[in-house]
Structure formats: structure tokens, C-alpha cells
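output the structure for:
(chains A and B)
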There are 2 protein chains.
Amino acid sequence: MAEFPFHIAATDGEARAGRLSTPRGDIATPAFMPVGTAGTVKALYLDQLRGAGTDIILGNTYHLMLRPTAERVHKLGGLHRFMRWDHPILTDSGGFQVFSLSELRKMSEEGVSFRSHIDGSSHFLSPERSIEIQSDLLGSDIAMQLDECVGNPCEHGEAANAMRLSARWGDRSKKAFGARDRQALFGIVQGSTYADLRKESAQRVVDTGFDGYAIGGLAVGEGHDAMCDTISLTAPLLPQTRPRYLMGVGKPIDIVEAVARGIDMFDCVLPTRSGRHGQAWTWDGPVNLKNAKFAEDDAPIDPSSSCPASRDYSKAYLNHLFKAGEYLGPMLLSWHNIAFFQAMMAAMRLAITEGRFEAWRKEMRERWSADQPG
Amino acid sequence: MAEFPFHIAATDGEARAGRLSTPRGDIATPAFMPVGTAGTVKALYLDQLRGAGTDIILGNTYHLMLRPTAERVHKLGGLHRFMRWDHPILTDSGGFQVFSLSELRKMSEEGVSFRSHIDGSSHFLSPERSIEIQSDLLGSDIAMQLDECVGNPCEHGEAANAMRLSARWGDRSKKAFGARDRQALFGIVQGSTYADLRKESAQRVVDTGFDGYAIGGLAVGEGHDAMCDTISLTAPLLPQTRPRYLMGVGKPIDIVEAVARGIDMFDCVLPTRSGRHGQAWTWDGPVNLKNAKFAEDDAPIDPSSSCPASRDYSKAYLNHLFKAGEYLGPMLLSWHNIAFFQAMMAAMRLAITEGRFEAWRKEMRERWSADQPG
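Below is the predicted model of the structure:
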């Protein structure tokens, strides 16, 4: 593995602000990674992502291996060249989507066989095959080990079995990854919401040794408080000196609370998915632009924003675009939401650097009471 | 009416290259107007339209009067402010869509009553109401008179009746429009493919007197050759000194042949509609990017283009985006097509200016044999 340099410039309580350096560019942390499922962050241009402050995006191994296939992306020069994104890409292992989207799964110690949700074709994913796809064929900068994902709530025995299989798959992932100069591999802590399992998992993942450490199996039904508790007990078990990544999270309030517990990296489809459905995230919480009350509201979503989508178009116009089913509605609102999430990350980095993160967090908790999980 | 200055800088045969000046900016002619049906040119950002060389766009009165309603657009500052387009806008009269989209139409000398295709609500459009919507409420720069639109083929008697009603509506439109400093009104010649009716219509429209003259009722089933013949006989009947606009046309070869017959302005949904469905227009004719043969084609659509959508993305990537149903496919291909149409208009303007339009036209006819109407 390439130990990408990780410099923690400031801490404030458990929160950390720093920089993860990769051959394709630096990543300011805490970082939010927009999700580019199938080789595109839905409805956004790459220069909009960069202009909003995006240092790294996430690609989904499951989607890309099915279409256009990892072999085809490789033949076309790898994922960066295929989609024309020259900055870092983290790929997930494919495991999460196999467990949530595919059909007719069959698990074994060796791996998981499944049928594509697109065309029913048969596929097999193992720790070794996932690394081959991510690191050799797609050519991502950061690969994730394959893990078995369970939802919450989950019986202790089932969570233990999935966690231990994931730990063994982590060992195999590391072996398959081998020595690489310009690519990194992250391990994943599992164990549902059980403290004993999270401890055992963290110990095993740290013993194996990775370039970074992810917390998986959260934001899958356990609720905000249980998620926070699990982060609180897991994060301190991971090396202080390496980046910590909370997978698939989340709402703004989830991200703020996770940063307060020492998390450095996030990914979530929320800003783009919400944007396609007419929901804008703002400093005052979420707003549904499809609501009739905005039909004659001449004000923009956020006149103080530096993002044109947030600042230059009236809520009345956005309301109209969504009612008329026009492309520009999802385009503008996905852009706005990504810009808002990145502005939130930047605000957190600055607050941590200036030693006032706790006050900032308190203000956001008050503003975003409506954003609490229902 | 405001007689917007129209300067013909060069002619080559019947083809003219010039400039129509409006208070919101100049329009280089021959001009192509992308269609912004419901207050947005589908899937494009305004800076992409401008960057491609767009001087003027078209707005659809029918769509806007139904949603968000002309009154609401007016309340929000007019169509330019609503959609943030500071350059010229031409609005159609609403007539064409009433006849093609609406339900339960009832025609009379006074106007046409109809039900919305969106929600079934009742509406009435007369020459006076159309002008009120276009010029007072939406605030377009160029308004079109209301006309009765018939398809082709059409019986002589029916075509004559529709043409004469349109001529009377033209008189009423002009009266309703009155004297305006910063807005113009165009009349429309009808008469299907009948020479006697086109002549009578042209005479009546010219007698009424407008700031510009449109040829309507073409590209509605008569075929390329009959369209060209009708333009050939109609265009010379219109004042040399004023802009001539061929409504709703068309394919590249149609536009080139119309320019060769003295037409100055065009509008068509073709580039954006084709783009949403995977079809790219090129110097070598139309190309369907969804075709499997492009799945591993690493070349861009047009490496010589100045448009990023045409130049920077591989056909393989576009093929993937359309297969995966991603927003970015229609976004990029609509952008490419608009850029191609505008590059074609620029090439024509230059060829006319340099006195080599006939040779250019001949080359395009050869390249675009496949683009002939089927």
C-alpha cells in the first residue's frame, strides 16, 4: 500500500482538520465525497464539482462492473480518463450494492455470487476480484476492502459472523492489493451497534493494517443516536494518524456529529438524490422547492452563496422547473446541494482550525433541529 | 412597432448575411434560435447557449401561459428576468401548439378556445390576448401574430380559409400591438403549398406591414422538396430589407436550402430533442450514440469543435451515459447539437460574406445525403 501522507493541521476536541495527499491531488479533511455511481455525479458537470470545492469523488464498483464493465473502462484508459476526472477517486468494494440491489445472492467464504439487477447476468465478487476491479481495471486512487454488509437492527450472532467474515476478507484484500506506489487501500470496521463486536473488528482491522480506516454498517436503520454512539466507541480505537471514513453518511447533522467524533471522510448520495427530487439543503435546514408556497418567491435559495445555482435563480423559477419536469431543475438543485455540502465541510474545517468548532456545532444543531432523523 | 435596424452586410445569390439589432443585443443572421419551451432550453445552461454563439432564443407562449402562467411570469419581472436570459427572446403566438397539443379546440373569428393538455383547464387565445401575453406579460423582444395552422397535405379550400383568417388576425395583432419602442412584431405568411394562396398571403401580410416576415405552415408533412419550392416562391414576395423567418425548421439540410432561398431566421427543437434521445448532428450527418458500435470508441464526436461537449468526451462515454440513463448524456448531447447548429450558421454567414456560399452548400448537400427526408 501507498501510505498517502495524512497531515492533521488542527484538532478541536475529537474533531480534526487536515490534508490527505495523493498523487492525483490533496484532499482537505473533513472531506465530503460526492457519489459518481456510474461514472458521473448525476446531473453535474465536473467543473461544477471542482468549483464547489470537491477534492475527491466516489465511484461504485457494483454499477461499473455491470455497466459498462470494468474491463471496458480499463480498455478505455481507466475510470479517471473515461469520465475525465483528473482528481482522486475512491471506489467502494461493490459489497454494499450487492447486498442492497442484486438478486439471487449466494454467499460463501470465497465470496458472493449474484445476478445483475440490470439484466439478470451472473457475476462473482471476492476480495481478490474486487481489488482487481477497483485497483487494476478502474484504477481508483483509494480502494475499499470487500465486506459483508448487514442492516440494522441485526442479531448479535449474525452481526458477529458478518464482521468476522469481513475481517478475513480484509486480510485477503490486503494480500491481493500487495505493494502499490500510487494507490491506497482502506479497511472497514463492522459489527453493527454492538460494542464488543466493534472493538473486536477494530482490533482485527488495525492488526491487518491499512492506509485508512472506514466505519461501515451505519446509517442503515439504527437511527441518529445509535449511529453517534457507535462512532463514539469505534473512532478512538482507530489510529490517530490515519484518515477515518464513515461510509454512506449522511444528512448534514449526521456529518457534523461524526466530525465531532473524529471522522475525516464522508460519502452520500443525499445531496444529488435530494436535488433530483426538489429538496434543497440550506443553513436553515431542508427546503422542498416543489412546495406551492415558492411559486412566486423571487428570492434565491441562498444569496450569500458563491454557487450560481444557489444565488442566481429564484425559488419561483426552480419551483416552475420542477413542476414542468425540466432537466434544469435537477441540474440546478443537485449543484446547489453539492455546493452546500462542500461549504459546510469548509465551514467545519475553518471552525476546527480556529478552535471554535464546538460553538459552530451547537449553532448548527439548533438550526437543524428539523433535520433530526424522524 | 419598433423597426429594429436590419443591416444586410453581404449577399450571395439569394442568401443574405447580416445583423438584426435589438435593444437587448444584435442577432447575426442567418440565425438559429434554440427553443426554450417552458422558460429553459432543455438540459442546457445559458452560458452554454451563449458560448455556442446563440444570440436569441424562442419561448413558447402556449406552454408559458399554461404554466407558470403569463401573469405569474409578469409578476416575477418578465420572461428575461424569470429565466435569467438577458439577450433577445422571440415568442411564438401560441397558435401552433394550440393546434398540435391542446384538447377540445373551438375556433371562431374571434379566436380559439381550448383545454390545457396539462390539466384540462379552459383557455382562450385571440390575436389581442396573444399580444398581451407575449409583449405585455412575458415581455418578449419579438412577438409573432396569431395564425391558424394547418398540416400538409391540406385541401385548397381549407388552406385558403386558414390563410385568410390568419391575415385578418394579423391586422388585429398589429392593432393590438400598437406603437412600442423596444419591441417588434412579425407577420406570418400561410397558404400551405399553394402558390396562389402564398402570393395572396404575402401580399396581405406586406400590406399590413410588420417589422419582419415569417413563413409558417411548412415542415408539417409536405417534405423537403415541396418545402423548398414554397420558400422559393414566397421569399421573393417579402421585403428585401426586412428579416425573413422560416418557422419550426429544421434539419441542417433544410436550413441550408432555406438560407440559399433568402431566409434569415430559424427555430427548431431538433437539436435539443435529438440530443435527449442520443442523436448527434455532425458535419458527416446524424449519428446515433446509442449504437453498440460506439461502446469502445475512444474518439470524441468532433475533435475540431470548440464546444467541450463535442471535443472532450469519448463516444464510448456518451454511449455509456445513454445506456445507463444518466442525466449527463442528454446534457452533453443537447449542448453538442446546439453548438453544431450554431457552428453551421456561423459557417454559412462566413461563406456568404466571402462569396463562396454555393460551393459550401454543394459540399454540405453531398455530406448530408443521409439527412434527406425519408
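
for the residue in the stretch 51-200 of chain A positioned nearest to chain B, helix, strand, or coil?
Closest residue of the stretch 51-200 of chain A to chain B, C-beta to the nearest C-beta: A:Pro68 (4.6 Å). For the C-beta atoms, the positions are set from N, CA and C on the backbone; glycine is no exception. Here A:Pro68 is recorded as coil under DSSP: H, G, I helix; E, B strand; the rest coil.

excluding its backbone neighbours, what's nearest it?
B:His320 (4.6 Å; C-beta to C-beta, 6 or more residues apart in numbering or on different chains).

now do the contacts for the residue of the stretch 51-200 of chain A closest to chain B.
A:39, B:295, B:316, B:319-320, B:323 (C-beta atoms under 8 Å, 6 or more residues apart in numbering or on different chains).

A:Ala195 against A:Ile231, yeah?
No. The pair A:Ala195 / A:Ile231 is not scored as a contact, 12.0 Å apart, by C-beta atoms under 8 Å.

report the separation between the nearest residue to A:Gly248 once chain neighbours are set aside and A:Leu58.
On the basis of C-beta to C-beta, 6+ apart, the spatially nearest residue to A:Gly248 that is not a chain neighbour turns out to be A:Ala219, at 5.1 Å. Distance of A:Ala219 to A:Leu58, computed by C-beta to C-beta, to the nearest Å: 14 Å.

higher neighbour count, these two?
A:Leu58 (26 against 21; other C-beta atoms under 10 Å in any protein chain shown).

contacts only, for the more buried one.
By C-beta under 8 Å, 6+ apart, the neighbours of A:Leu58 are A:33-36, A:89-92, A:267.

now do the helices in the stretch 101-250 of chain A.
For the stretch 101-250 of chain A, applying DSSP state H, counting those that start in this stretch gives helices covering A:127-131, A:156-177, A:195-208, A:224-234.

alpha carbons of the longest one, as CSV, please.
So the one you mean is helix A:156-177. The C-alpha trace of helix A:156-177 is given here as CSV (Å, rounded to 0.1, in the frame of the first residue of the first chain):
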residue,chain,number,x,y,z
HIS,A,156,-25.6,-10.3,17.6
GLY,A,157,-24.8,-13.6,16.1
GLU,A,158,-25.4,-12.5,12.5
ALA,A,159,-23.5,-9.3,13.1
ALA,A,160,-20.6,-11.2,14.6
ASN,A,161,-20.5,-13.7,11.7
ALA,A,162,-20.6,-10.9,9.1
MET,A,163,-17.9,-8.9,10.9
ARG,A,164,-15.6,-11.9,11.2
LEU,A,165,-16.1,-12.8,7.5
SER,A,166,-15.3,-9.1,6.7
ALA,A,167,-12.2,-9.3,8.8
ARG,A,168,-11.0,-12.4,6.9
TRP,A,169,-11.9,-10.7,3.6
GLY,A,170,-9.9,-7.7,4.8
ASP,A,171,-6.8,-9.9,5.1
ARG,A,172,-7.3,-11.3,1.7
SER,A,173,-8.0,-7.8,0.2
LYS,A,174,-4.7,-6.6,1.6
LYS,A,175,-2.8,-9.6,0.2
ALA,A,176,-4.4,-9.1,-3.2
PHE,A,177,-3.7,-5.4,-3.2
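
A:Leu125 reaches A:Val98, doesn't it?
Yes. Contact criterion C-beta under 8 Å: A:Leu125 and A:Val98 qualify, at 6.0 Å.

which neighbours do the two share?
A:112, A:114.

let's verify A:Pro286: helix, strand, or coil?
strand.

kindly apply the preceding question to A:Trp335 instead.
Strictly by three-state DSSP, A:Trp335 counts as helix.

which SSE is A:Asp275 in?
Quick fix: residue A:275 reads Gly, not Asp. helix A:270-276 (DSSP states H and E).

next, the buried residues of that helix.
A:270-272, A:274-276 (16 or more other C-beta atoms under 10 Å in any protein chain shown).

repeat for stretch A:7-19
Counting neighbours by 16+ other C-beta under 10 Å, stretch A:7-19 gives A:8, A:10-12, A:14-19 as buried.

and the gap between A:Ala143 and B:Thr11?
64 Å.

and what of A:Ala219?
68 Å.

before we move on, what about A:Ala9?
67 Å.

mind listing what A:His74 touches?
A:136-139.

could you redo the last one with a cut-off of 7 Å?
With contact set as C-beta atoms under 7 Å, 6 or more residues apart in numbering or on different chains, A:His74 has these partners: A:Leu137.

surely it forms part of a helix?
Yes. With three-state DSSP as the criterion, A:His74 is located in a helix.

per-residue confidence at it?
pLDDT recorded at A:His74 is 98.

ditto for A:Pro5
97.

try A:Pro373
Confidence for A:Pro373, expressed as pLDDT, is 41.

the worst-scoring helix or strand of chain A on mean pLDDT vs helix A:156-177, what angle?
Within chain A, confidence by mean pLDDT, DSSP states H and E is lowest for strand A:103-107 among all helices and strands, at a mean of 84. Angle between the axes of strand A:103-107 and helix A:156-177 is 80 degrees (criterion: axes from the mean of the first three to the mean of the last three C-alpha atoms, to 10 degrees).

just checking the distance from strand A:103-107 to the centre of its chain.
25 Å (C-alpha atoms, centre = their mean, to the nearest Å).

so which strand or helix has A:Glu326?
Per DSSP H and E, there is no helix or strand for A:Glu326.

before we move on, back to that, please save the CA atoms from the helix holding A:Gly275 in CSV.
Provided in CSV are the C-alpha atoms of helix A:270-276 (Å, rounded to 0.1, in the frame of the first residue of the first chain):
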residue,chain,number,x,y,z
LEU,A,270,-28.2,12.6,-0.4
PRO,A,271,-27.3,15.9,-2.0
THR,A,272,-27.7,14.7,-5.5
ARG,A,273,-30.7,12.5,-4.8
SER,A,274,-32.5,15.2,-2.9
GLY,A,275,-31.6,17.6,-5.6
ARG,A,276,-33.3,15.5,-8.3
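
which is the next helix or strand following that helix?
strand A:279-282.

give me the secondary structure label for whichever residue of the stretch 1-150 of chain A sits closest to chain B.
Proximity to chain B, evaluated over the stretch 1-150 of chain A using C-beta to the nearest C-beta, is greatest for A:Ala43 at 4.0 Å. With three-state DSSP as the basis, A:Ala43 sits in coil.

OK, contacts around the nearest residue to it once chain neighbours are set aside?
Take A:Ala43 and drop its neighbours on the chain: the residue closest to it by C-beta to C-beta, 6+ apart is B:Tyr327, 4.0 Å away. Listed by C-beta under 7 Å, 6+ apart, the contact set of B:Tyr327 reads A:42-43, A:327, A:330-331.

and if you look at A:Ala17?
Counting by C-beta under 7 Å, 6+ apart, A:Ala17 has contacts A:9-10, A:29, A:349, A:352-353.

in strands, which of the residues you listed fall?
Members of those lying in strands (criterion: DSSP state E): A:9-10, A:29.

sorry, back to before: so which of the contacts of A:Ala17 are also by chain B?
Subset of the contacts of A:Ala17 in contact with chain B: empty, counting by C-beta under 7 Å from any C-beta of the partner chain.

and the residue lying closest to A:Leu165 once chain neighbours are set aside, what does it touch?
Once flanking residues are discounted, A:Leu165 sits nearest to A:Glu148: 5.1 Å by C-beta to C-beta, 6+ apart. Contacts for A:Glu148 (C-beta under 7 Å, 6+ apart) come out as A:95, A:162, A:165-166.

A:Ala195 and A:Ile231: which is more packed in?
A:Ile231 (25 against 12).

I'd say the more buried one and A:Ala258 touch.
Yes. At 5.5 Å, A:Ile231 and A:Ala258 qualify as touching, with contact defined as C-beta atoms under 7 Å.

got any residues that touch both of those two?
Joint contacts of A:Ile231 and A:Ala258 (C-beta under 7 Å, 6+ apart) are A:Leu246.
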